[in-house]
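A.B. asks: Output the structure for:
(chains A, B, C and D)
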Protein chains: 2
Amino acid sequence: MASPPNFQPTAAELVILQQLWARGPLSVREIHEALDGDKPVVYTTVLKTMQIAFDRGLLTRESAGRKHVYTAAVEKHAIQENLLDGFLDRTFGGSTKGLVMRALGNGRASKQEIAELRTFLNQLDTEDDD
Amino acid sequence: MASPPNFQPTAAELVILQQLWARGPLSVREIHEALDGDKPVVYTTVLKTMQIAFDRGLLTRESAGRKHVYTAAVEKHAIQENLLDGFLDRTFGGSTKGLVMRALGNGRASKQEIAELRTFLNQLDTEDDD
DNA sequence: AGTGATCTACGAAGTATTTCGTAATTGGTG
DNA sequence: CACCAATTACGAAATACTTCGTAGATCACT
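C.D. replies: Have a look, this model is predicted:
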């Protein structure tokens, strides 16, 4: 069976994707305005990054008058999984348990999140393969 | 209070560190032999990477006859946490819950691991701040 | 039609990382 | 001591990614 392409957006591309995933289709200007905060970014830097992401198939776009409106062409969950797989192997030698324990052990997760995860983990049960 | 330096080893450095964390102090040759598998690596590439990691303070070394024996100078858990923090923000917008659910949802975790995590999560309880 | 603002395209410099080749040094062995 | 193999040091090319400036097109408005 054919696997989906293993898109691995770079850090700069990921910043763009986060905007599009969260807010839907956007122009370069809209994204530039959202990003140009404490750390200023030049307009054409954002433009170029989006053009590259478009060339790589991460984004689609439509002409709207003189400008382009971009849309994420890849699913957030799929990309997160791709990136996570690599990160898991590189940093935790593939140990999901190691990763999760470190993620929860650093005090960044709220009580709320922990409670939700406990529920999630309790559901996640008998349905196992390998 | 002074924070520990925020070491962020590169991918190549991390490969070296994984060896040292797992197997203790090693020479360049020993690491080269361990890595030179399906994807061949040249000896001096490994050497150079280790010299850079040494310069950056990630490794220490001792002379043993004509050769050097290297040791990890940074703690595995601390490095994993540093890298995880950045990855979490970039890829999951800082949502630990999102990360953990994706990590567990992809079917890579064994029943065994899931059971252990459930135990861990149940212990992880009242001791919360923020 | 002319002017100015906004936009896209894109080359290319800048930065970070990885990879490799060459030279010099060291240690053991005949 | 001479030689060979193993080793370190290091410059520099190769690769990947990011950033920016310039040029040219397009649109709105006068």
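
A.B. asks: Shouldn't residue A:41 be within a strand?
C.D. replies: No - counting by DSSP: H, G, I helix; E, B strand; the rest coil, residue A:41 is not part of a strand but coil.

A.B. asks: Could you give the bridge partners of residue A:62?
C.D. replies: With DSSP bridges applied, residue A:62 shows beta-bridge pairing to residue A:69.

A.B. asks: residue contacts, it?
C.D. replies: Residues near residue A:62 by C-beta atoms under 8 Å, 6 or more residues apart in numbering or on different chains: A:25, A:68, A:69, A:71. Heads up, the C-betas are built off the backbone N, CA and C, glycines and all.

A.B. asks: mind putting those in TSV, neighbour count and pLDDT included?
C.D. replies: Compiled in TSV, the contacts of residue A:62 are given as follows (neighbours: other C-beta atoms under 10 Å in any protein chain shown; pLDDT from 0 to 100):
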residue	neighbour count	pLDDT
A:25	15	98
A:68	18	97
A:69	16	98
A:71	12	98
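
A.B. asks: out of those, which touch DNA strand D?
C.D. replies: Residues shared between the contacts of residue A:62 and the neighbourhood of DNA strand D: none [C-beta under 7 Å from any atom of the strand].

A.B. asks: and the helix ranked longest in chain A, anywhere near DNA strand C?
C.D. replies: With DSSP state H applied, the helix covering the greatest number of residues in chain A is identified as helix A:76-92. No - Helix A:76-92 stays out of contact with DNA strand C when judged by C-beta under 7 Å from any atom of the strand, the minimum separation being 9.5 Å.

A.B. asks: Relative to the whole chain's centre, how far out is that helix?
C.D. replies: In terms of C-alpha atoms, centre = their mean, to the nearest Å, the centre of helix A:76-92 is set 10 Å apart from its chain centre.
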